[in-house]
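Engineer: next input, structure requested:
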Amino acid sequence: MLSFTTLTNTRSRAVMERFGMQQDPKTFKHPDLDPDHERAEHCLYRLKKADWSKQNF
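Structural biologist: Just a heads-up that it's a prediction; the model follows:
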């Protein structure tokens, strides 16, 4: 499972972390935004399928 959001979207990042997702160490510029846009920098979170099946929601 993959998910991404802006670096400043702390609420979305908190949800991803509650699901057990891990943030990639590198960030990236969203290709649909101007590179200088204040929300261009994004972070990527990942969760392996095996780890997802261990979740108890």
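Engineer: please report phi then psi for the residue nearest to E38 when sequence neighbours are not counted.
Structural biologist: Nearest residue to E38, sequence neighbours excluded (Cβ to Cβ, 6 or more residues apart in numbering): T8, at 7.9 Å. Any C-beta I mention is one placed from the backbone N, CA and C, and that applies to glycine too. Per-residue torsions, T8: phi -80, psi -10 (degrees, to the nearest 10).
Engineer: S53 too?
Structural biologist: phi -70, psi -20.
Engineer: what is the neighbour count of it?
Structural biologist: The burial metric for S53, expressed as a neighbour count using other Cβ atoms under 10 Å, is 7.
Engineer: who does the longest strand seen in the chain pair up with?
Structural biologist: If each strand of the chain is counted by residues according to DSSP state E, the longest one is strand 22-29. Each strand that strand 22-29 pairs with, and the sense of that pairing, follows from DSSP bridges: strand 41-46 (antiparallel).
Engineer: residues in contact with the partner strand: which ones?
Structural biologist: Identification of contacts with strand 41-46 by Cβ atoms under 8 Å, 6 or more residues apart in numbering yields 1-7, 13, 16-17, 21-24, 26-30.
Engineer: weed out the non-buried ones from these.
Structural biologist: The neighbour count (16 or more other Cβ atoms under 10 Å) marks S3, F4, T5, T6, R13, M16, M21 as buried among the contacts of strand 41-46.
Engineer: who's the residue lying closest to Q22 once chain neighbours are set aside bridged to?
Structural biologist: If you skip the residues right next to it in sequence, Q22 has R46 as its closest partner in space, 5.8 Å away by Cβ to Cβ, 6+ apart. When bridges are called by DSSP bridges, R46 pairs up with L2, Q22.
Engineer: what is the burial count for R46?
Structural biologist: Count around R46 with other Cβ under 10 Å applied: 14.
Engineer: mean confidence for the lengthiest helix in the chain?
Structural biologist: The helix spanning the most residues in the chain, taking DSSP state H as the definition, is helix 10-18. Regarding helix 10-18, the rounded mean pLDDT is 96.
Engineer: most widely separated two among the buried ones among the contacts of strand 41-46?
Structural biologist: The span of these, defined through Cβ to Cβ, is set by T6 and M21 at 15.7 Å.
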